[in-house]
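Q: sharing a model prediction with you, sequence too.
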4 protein chains.
Amino acid sequence: MKSLSCKDLQELVDLVRREALPRLGEGRVADYIPELAKVDPNKLGIAVATVEGDLITSGDVEEPFSIQSISKLFTLTLALGKVGDELWERVGREPSGTSFNSIVQLEHERGIPRNPFINAGAIVVCDVVLAGHQPREAIGHVLQFVRFLADDETVLIDPAVARSETEHGYRNRALANYMRAFGNLLHPVDLALGLYFHQCAIAMNCRQLARACLFLANGGRIPAANASVVSRLRARRINALMLTCGQYDASGDFAFRVGLPSKSGVGGGIVAIVPGFASIAVWSPTLTPEGNSLVGTQVLEQLAVRAGWSVF
Amino acid sequence: MKSLSCKDLQELVDLVRREALPRLGEGRVADYIPELAKVDPNKLGIAVATVEGDLITSGDVEEPFSIQSISKLFTLTLALGKVGDELWERVGREPSGTSFNSIVQLEHERGIPRNPFINAGAIVVCDVVLAGHQPREAIGHVLQFVRFLADDETVLIDPAVARSETEHGYRNRALANYMRAFGNLLHPVDLALGLYFHQCAIAMNCRQLARACLFLANGGRIPAANASVVSRLRARRINALMLTCGQYDASGDFAFRVGLPSKSGVGGGIVAIVPGFASIAVWSPTLTPEGNSLVGTQVLEQLAVRAGWSVF
Amino acid sequence: MKSLSCKDLQELVDLVRREALPRLGEGRVADYIPELAKVDPNKLGIAVATVEGDLITSGDVEEPFSIQSISKLFTLTLALGKVGDELWERVGREPSGTSFNSIVQLEHERGIPRNPFINAGAIVVCDVVLAGHQPREAIGHVLQFVRFLADDETVLIDPAVARSETEHGYRNRALANYMRAFGNLLHPVDLALGLYFHQCAIAMNCRQLARACLFLANGGRIPAANASVVSRLRARRINALMLTCGQYDASGDFAFRVGLPSKSGVGGGIVAIVPGFASIAVWSPTLTPEGNSLVGTQVLEQLAVRAGWSVF
Amino acid sequence: MKSLSCKDLQELVDLVRREALPRLGEGRVADYIPELAKVDPNKLGIAVATVEGDLITSGDVEEPFSIQSISKLFTLTLALGKVGDELWERVGREPSGTSFNSIVQLEHERGIPRNPFINAGAIVVCDVVLAGHQPREAIGHVLQFVRFLADDETVLIDPAVARSETEHGYRNRALANYMRAFGNLLHPVDLALGLYFHQCAIAMNCRQLARACLFLANGGRIPAANASVVSRLRARRINALMLTCGQYDASGDFAFRVGLPSKSGVGGGIVAIVPGFASIAVWSPTLTPEGNSLVGTQVLEQLAVRAGWSVF
């Protein structure tokens, strides 16, 4: 992989964004909760934060959006900090081969979710992060962690989205009760879900998100603060999980086309990591059938191929 | 990732091998065909071929073994050369979420195998490679290609293994007939299986195997011959498929622990790619429940972690 | 089918019971809730109520036990009375091919349970019976109906069992939330489950149970009261559902061996119908792996074969 | 159940047939093999053979059609005669919960088909009937048995259908190979399939079919010949299997609506048994999505309800 100058990178990012504009609006915005269905489908933002401290942006990078499943990255990092590899006794590390909210696998594998990025796995991660606290405290803790990573105190949880998630979260409630039946939730179902629904409602913009994930491109350290978030080995392992499981049942396709570890959310955001170089956040709300940003995926493919960025 | 001197690498390889010796014999040798069940379970070989032309070896690296599913790499490369991205209309690029010989997924997804490394996918790849020829010709073509990659005319197909595969290949015959029922095999079932059973019976040693896969670590080119096998983009994409699907339903775990693209075979061989640096072949016949070399996986994990080799 | 004299029937019932005594205690008592695990495994009661008004009993026929899933018969009858064949838009009529609390089928068939006797189906039936009322009222209504059928005002709900079901009902809660996600529950999940958990906790003895189901053997009418509960056609159809789905994933085996419509419960009770002749209730608490009374099934097989009772 | 006079029955049969005429052609003729796709969709025949020796017919009762899966009844009877209850070690007795040619269940239950009426189960039954003979001999034996039951030497196997089955039988070949992989076929796959494909190609008319199945309505005996085919218990058990599994994944629905043991074939034939009274054969070629005769099912429902014929 090669390093690009800031100027070249800015030109590339602008070009890739321009080329993608005609496809804005293709696909459908997430509509499983009313709050998400309201989003303007024609948004597109790209932010690249480099390990050298540069920030290249293009388009709608200042507008906060619901990061949804991208938040699973942050709670996973916290859970690993709390219990380390013991986490893997309760969550697997394999791609699921099914959609993000499938319950079939849980029955076949006795309540152990396949990985921490499908909904069931993320709910177990929330159960670990709770660690006996009330959801309110745990949510505060998660939010504080995200603000620290983004170096931005303005990151918020959207209360309308959190409420909407809670009201319509029947499938997640089914997953949580099901795992509880197998003893794989230690807290009452409503507490683990309380944290889960609120983390999904965190609102961030592309700029904040690229910054918040930069430690994964930099061996576990925040370059600006020279602070260690996780060890180099753990950063690599989180990247490995992102590559194999970060895009639900389109992870193989994303690895094939883009070749970078990534995590998507049904709010239309995607974070991708270029190890040793940069963290990229893109946002465009319309989705593929698998639930990943349609234009965001294309933008990342173009950017990665032209910049020569691929872990392979 | 960093480059190691030949001397340091030799010491590391020897050390890792010595440390693994006590675990030799753990797990079970593949026994689904009698020929494989005869192998001495206490073998261990490691060969590292670098893009700079060095070859570091340790242990049983001269003894040929049945490469089995590792051969799927070679026929995939040939098939992509023949039909390019049209291949993906007949085979997916997603991890399967099930075991290597599962037929369940084929029913749910109407005869389209999830990826080219599960058995069903590799049979479709064989169907593409056949391209109207008789199995004998196609097998000759595949063998010639492997010899070219390994720069070694002594690579052979083990006729006893090929016969044994043919005699006991009922599950593969089920997969092939099933896909044919959905129109996803163009040749008669026996022809596609003829090629498939014979490619699985290719016998190679670690040295040959490491060399034969070096092009994947070198942007698609064979360094010694300065010959291009595939484009840089295609090499990356094959590596991506190896990372997400190369170890069957343990691919996520391997990516997490080792962090390198790889392909395993039930003969106990594993090939791993360090992009830009090296191709590694290890061989130890006993297997994990998922069908991957038990000691081989451990050796690769130790080697990768201590050498600092990881794509992440 | 032939009619037996009271005396012959009494002798047969006593004989069958005596022969079964040595096997009492084989298998395991249901232990998914603590209350059920406390039951003495060595109980065995047999009661036969004939359409001519006779009652033949043997063994522990006066001791109430938790009827559990047998209660699904009564709520199904009530639900059909309320909405008739519209019920079948929300519940199927096919054997499930899986265990009684499986959630897999619900995902594959979009929230429509396969039949009214698996847990998911019975929860939908409860949702229908609720009809806008509070669980307390609906439970009262169901209890009143059962007392009317049994002609016995002493039938009760065991509050300890109901509480235990509610506390440990995570899988049922998962099923209910899952169906609600597909819009197949109209009431809040907790209301439908409230009725469900309480109906399962109805306690009856063999004598009461045989009487309460006699209408199904008598073309829908209670012989003693000469009162119509359901039409002849509906009685036949309920019997048909019992035969194909009444013993969960052992229904085919039960039909083969016993040849009578039946419904089992994990409390160890089974009701079987001899159309035109009699209703039989047996109780023995230890279960087969499929969740049906082990000795109870054997008793019914012996009784049916020797009496020449079979619908076939 | 009540007995009808011949005259009343003839009138009822004619009436039911007349009422069904407007729906002829609804649904689609089986087209998985070209030979079946050629059939005139507007055919309708009804034949009722009574245990008293009467034969009531209406419509196209003299035209032979491909009995397809109805033949599974005859080979099942033969297999039970050969090995008795040992058959059940290799085939289950439960409804499948999936379509007739599903392979998913076989993987989950390690090569043991759920019942003898799904394709996989019938192939195992053929393997039992073969008993070391060549398919040609076994086919001759089956044909002879059917002619004996029908008391008609003109029953034939349609060679064009048999050839067509053999040429297009990829899914059945997949099932057979799959079971062979689990050791649940003792003969070579092609031999078991040879018998299977030929039994499916037996051509009979409604009259012959009603007669051939009359022993199942008569306690295992052929009334005219006063010959025993199977014991009363076995006749009941075959009827039980027909009721729970005879209509594939619509068996529950058929039991609910018609209430009689039955077996359908994709050629559009259905046989239904009225124990103690009659055997009914109907034929109309267009099918429901589950693969059962659409008009045939309706005719049987009307006939059963109006005649008061139901085992329940």
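A: Received, thanks. Numbering: from 1, shown residues only, chains lettered A, B, ... in the order given.

Q: residues contacting A:Arg234?
A: With contact set as Cβ atoms under 8 Å, 6 or more residues apart in numbering or on different chains, A:Arg234 has these partners: A:Leu80, A:Gly220. For glycine as for every other residue, the C-beta is placed from the backbone atoms N, C-alpha and C.

Q: now it: which helix or strand?
A: Using DSSP states H and E, A:Arg234 sits in helix A:232-245.

Q: what residues of that helix count as buried?
A: A:Arg234, A:Ala235, A:Arg236, A:Arg237, A:Ile238, A:Asn239, A:Ala240, A:Leu241, A:Met242, A:Leu243, A:Thr244, A:Cys245 (16 or more other Cβ atoms under 10 Å in any protein chain shown).

Q: tell me the spacing between the third one and A:Val311.
A: What that stands for is A:Arg236. According to Cβ to Cβ, to the nearest Å, A:Arg236 and A:Val311 sit 10 Å apart.

Q: which neighbours do these two have in common?
A: With Cβ under 8 Å, 6+ apart, A:Arg236 and A:Val311 have common neighbours A:Pro275, B:Phe312.

Q: show me where chain A has helices.
A: Remark: helices assigned in chain A by DSSP state H are A:6-20, A:34-37, A:71-83, A:104-108, A:119-130, A:135-150, A:159-168, A:170-181, A:189-200, A:206-212, A:214-217, A:232-245, A:251-257, A:294-307.

Q: check contacts around the residue lying closest to A:Ala122 once chain neighbours are set aside.
A: Leaving aside its chain neighbours, A:Ala122 sits nearest to A:Lys72 (4.5 Å; criterion: Cβ to Cβ, 6 or more residues apart in numbering or on different chains). Residues in contact with A:Lys72 (Cβ under 8 Å, 6+ apart) are A:Pro116, A:Phe117, A:Gly121, A:Ala122, A:Val125, A:Gln199, A:Lys263.

Q: pretty sure the third one sits against A:Gly111.
A: No - using Cβ atoms under 8 Å, A:Gly121 makes no contact with A:Gly111, being 11.4 Å away.

Q: for the stretch 201-312 of chain A, give the residue positioned nearest to chain C.
A: A:Asp249 (14.0 Å; Cβ to the nearest Cβ).

Q: for that residue, what are its contacts?
A: Contacts for A:Asp249 (Cβ under 8 Å, 6+ apart) come out as A:Pro95, A:Ser96, A:Gly97, A:Thr98, A:Ser99, A:Phe100, A:Glu290, B:Glu94.

Q: buried subset of those as a PyMOL selection?
A: Buried members of the contacts of A:Asp249, defined by 16+ other Cβ under 10 Å, are picked up in PyMOL with:
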select buried, (chain A and resi 95+96+97+98+99+100+290) or (chain B and resi 94)
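
Q: and which of the contacts of A:Lys72 is nearest D:Ile280?
A: Within those, proximity to D:Ile280 (Cβ to Cβ) peaks at A:Gly121, which comes in at 54.7 Å.

Q: could you find the closest non-adjacent residue to the closest one?
A: A:Pro113 (3.7 Å).

Q: how near is A:Ser293 to D:Ile118?
A: According to Cβ to Cβ, A:Ser293 and D:Ile118 sit 43 Å apart.

Q: show the pLDDT at the closest residue to A:Leu233 other than its chain neighbours.
A: Among residues not flanking A:Leu233 along the chain, B:Val305 sits closest, at 7.2 Å (Cβ to Cβ, 6+ apart). Among the per-residue scores, B:Val305 holds a pLDDT of 95.

Q: burial of B:Val305, as a residue count?
A: For B:Val305, the number of neighbouring residues by other Cβ atoms under 10 Å in any protein chain shown comes to 16.

Q: pick out the residue of the stretch 51-200 of chain A closest to chain D.
A: Of all residues in the stretch 51-200 of chain A, the one sitting closest to chain D is A:His108 (8.8 Å; Cβ to the nearest Cβ).

Q: what sits against that residue?
A: C:Val104.

Q: who's in contact with A:Pro64?
A: Taking Cβ under 8 Å, 6+ apart, we find A:Pro64 in contact with A:Leu156, A:Asp158, A:Ala203, A:Met204, A:Asn205, A:Gln208.

Q: out of those residues, which end up buried?
A: For those, buried by 16+ other Cβ under 10 Å: A:Asp158, A:Ala203, A:Met204, A:Asn205, A:Gln208.

Q: what about A:Ala120, distance to chain B?
A: For A:Ala120, the distance to chain B equals 14 Å [Cβ to the nearest Cβ, to the nearest Å].

Q: how about A:Asp40?
A: According to Cβ to the nearest Cβ, A:Asp40 and chain B sit 31 Å apart.

Q: in the stretch 1-150 of chain A, what residue comes closest to chain B?
A: A:Gly97 (1.9 Å).

Q: and the residue nearest to that residue when sequence neighbours are not counted, what does it touch?
A: Distance criterion Cβ to Cβ, 6+ apart; nearest residue to A:Gly97, sequence neighbours excluded, is B:Gly97 at 1.9 Å. Neighbouring residues of B:Gly97 by Cβ under 8 Å, 6+ apart: A:Glu94, A:Pro95, A:Ser96, A:Gly97, A:Thr98, A:Gln105, A:Arg114, B:Gln105, B:Arg114, B:Asp249.

Q: please verify my assumption that the fifth one contacts A:Gln105.
A: Yes - the criterion here is Cβ under 8 Å, and A:Thr98 meets it with A:Gln105 at 5.8 Å.
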